[in-house]
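Student: With the input below, show me the fold.
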Amino acid sequence: MLDIDEMSSKEIEQLLHTVGYGHLGCIHEGKPYVMPMNYYIEEQEIYLFTTIGMKTHDIDANPEVCLQVEEIQDALHWRSAIVNGRASRLTLKEDIDRAMHFIQERNPMLSPAINRTWIDAEGRSEAIAIYRIHETEMSGRTTDGVSSH
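Tutor: This next block holds a predicted model:
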């Protein structure tokens, strides 16, 4: 049997800082919905950057979210963490500008969004939204690959 251990808060934070992407769970029309999502950490705060659409509608309607992050080397060597929390959309210009600064530093591919718009494949312009997750609970599991019989 594979030994699975609890991760400490420090180990969970280290995993979150290392990975940068995961799966965001929210509620869509009354049902659970999970989607891949990049996230950004600044001073222990988790931020989500997205364009306005179904995801933002769902988060605004029910801000309780769950972010799952994992790092898998193989079936015997992996780490996984879950952050439950409440997402709030940034609305103050100074908060948005501050978040955009560190988001752009960490992900230069988002440079078209710096102008607060995103142009999709059909040439439509969409506004962006940035959320901060106020963490209410974190948990994590890891295995060091040692089997016990």
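Student: Can you spell out which helices and strands pack onto the strand ranked longest in the chain?
Tutor: Taking residue count as the measure and DSSP state E as the definition, the longest strand of the chain comes out as strand 125-143. Using 3 or more Cβ pairs under 8 Å, 6 or more residues apart in numbering; DSSP states H and E as the contact criterion, the elements in contact with strand 125-143 are strand 5-6, helix 9-19, strand 45-51, strand 77-89, helix 93-106, strand 117-119. In this view, the C-beta of every residue, glycine as well, is placed from N, C-alpha and C.
Student: export those to a markdown table and tack on mean pLDDT?
Tutor: Output for the helices and strands packed on strand 125-143, formatted as a markdown table (pLDDT from 0 to 100):
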| stretch | mean pLDDT |
| --- | --- |
| strand 5-6 | 94 |
| helix 9-19 | 94 |
| strand 45-51 | 91 |
| strand 77-89 | 96 |
| helix 93-106 | 88 |
| strand 117-119 | 51 |
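Student: With mean neighbour count added, can I get those in a markdown table?
Tutor: A markdown table is the format used below for the helices and strands packed on strand 125-143 (neighbours: other Cβ atoms under 10 Å):
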| stretch | mean neighbour count |
| --- | --- |
| strand 5-6 | 12 |
| helix 9-19 | 15 |
| strand 45-51 | 19 |
| strand 77-89 | 18 |
| helix 93-106 | 14 |
| strand 117-119 | 14 |
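Student: Make a markdown table out of those and add distance to residue 65.
Tutor: Listed next are those as a markdown table, based on distance: least, Cβ to Cβ, whole Å:
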| stretch | distance to residue 65 |
| --- | --- |
| strand 5-6 | 22 |
| helix 9-19 | 14 |
| strand 45-51 | 8 |
| strand 77-89 | 5 |
| helix 93-106 | 17 |
| strand 117-119 | 21 |
